[in-house]
Each structure stands twice: as structure tokens, then as C-alpha cells.
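Novice: Here you go, sequence then predicted model.
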Amino acid sequence: MMDLSISFRGTGRMWLGMDSRHYYHPNRSTRHHVLQVVVAVTGIDFNTLVGESKRTPVVRARQLAAYYLRACTDMSLPQIGWALGQRDHSTMCHAIDRIRRCPWLYEPHLTEAALALGIVAPAPPAIQVRTRQ
């Protein structure tokens, strides 16, 4: 199991605008926090993640980052593309769609990142059932 002790420093308050009023949403993550989680889970450093590499592990990590940036922040697709190395919004749309269509390609990183971001709760411990012999 990988150590996911990630600093929550920098996950400042996110304000959601609605009808000229602002509401505090405590569960929203920042771009930096999501990228820290993806870097920790995949083991690919940040400069490689936002770089020009087209190797499969790097591309999948980048797609994972795009998926969670869309799910956990209020960033638009052009903003996500810019944060991941000045990529086009259509590339980010493809990345998100790819994870939705083929989630098994991204395991176990998909689940580990979701747990670290607090999207899903950890599974309860397995219950052992005794049978009569």
C-alpha cells in the first residue's frame, strides 16, 4: 500500500458563485491538492505529468488528473488543459471520456486517488463467514 500522507495546506476555501451570492463549499479541492494526490498515487513527478511525454503511464496519469480535476474542482475544460501543460480542451474531454468508458485500465490508481480525495469512503473490513464442518 502506498503512503498517501498528503499535505492539505493549499486547499483553501473554494467559493461557488450563485446569483451574485457566494456559498462556501468545504468539500471542494483545489487544483494543487488534486495534482498532489495524482502525483503521489501514480508515482510520476509533476514536471513529467505536465510535460510533453506520450508514454502510456504518463498519459494515463494525466488523464486521471483531468478526470479528478473535473470532478473535484470548478475548473472548466480549457482551464484543466492549461493546468496540465497547455493542452486543448478537446484533449481533456477525451481524457475524461476515456476514464468513464474504460475505468479498469486505471486501477488501482483510480480507487486510491478517490480515497485520498475523499470521494469514496474506504471499504469496510471483510467479514469472515464460518461454515459448519
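Specialist: It's in. Numbers count the residues shown, from 1 in each chain.
Novice: Can you report how many residues neighbour Leu84?
Specialist: Around Leu84 there are 23 other residues, counting by other CB atoms under 10 Å. The C-beta positions use only the backbone N, C-alpha and C, and glycine is treated the same way.
Novice: Let me see the contact set for it.
Specialist: Contact analysis of Leu84 by CB atoms under 8 Å, 6 or more residues apart in numbering lists 49-50, 62, 65-66, 69, 92.
Novice: helices and strands of this structure: which one bottoms out on pLDDT?
Specialist: Every helix and strand in the chain was compared by mean pLDDT, DSSP states H and E; the lowest is strand 15-18, with a mean of 32.
Novice: if we can go back for a sec, put together JSON lines for the contacts of Leu84, with secondary structure, neighbour count and distance to Val34 on each row.
Specialist: What follows is those, written out as JSON lines (DSSP: H, G, I helix; E, B strand; the rest coil; neighbours: other CB atoms under 10 Å; distance: CB to CB, whole Å):
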{"residue": "Leu49", "secondary structure": "helix", "neighbour count": "19", "distance to Val34": "11"}
{"residue": "Val50", "secondary structure": "coil", "neighbour count": "17", "distance to Val34": "13"}
{"residue": "Arg62", "secondary structure": "helix", "neighbour count": "25", "distance to Val34": "12"}
{"residue": "Ala65", "secondary structure": "helix", "neighbour count": "28", "distance to Val34": "7"}
{"residue": "Ala66", "secondary structure": "helix", "neighbour count": "27", "distance to Val34": "10"}
{"residue": "Leu69", "secondary structure": "helix", "neighbour count": "26", "distance to Val34": "5"}
{"residue": "Met92", "secondary structure": "helix", "neighbour count": "27", "distance to Val34": "13"}
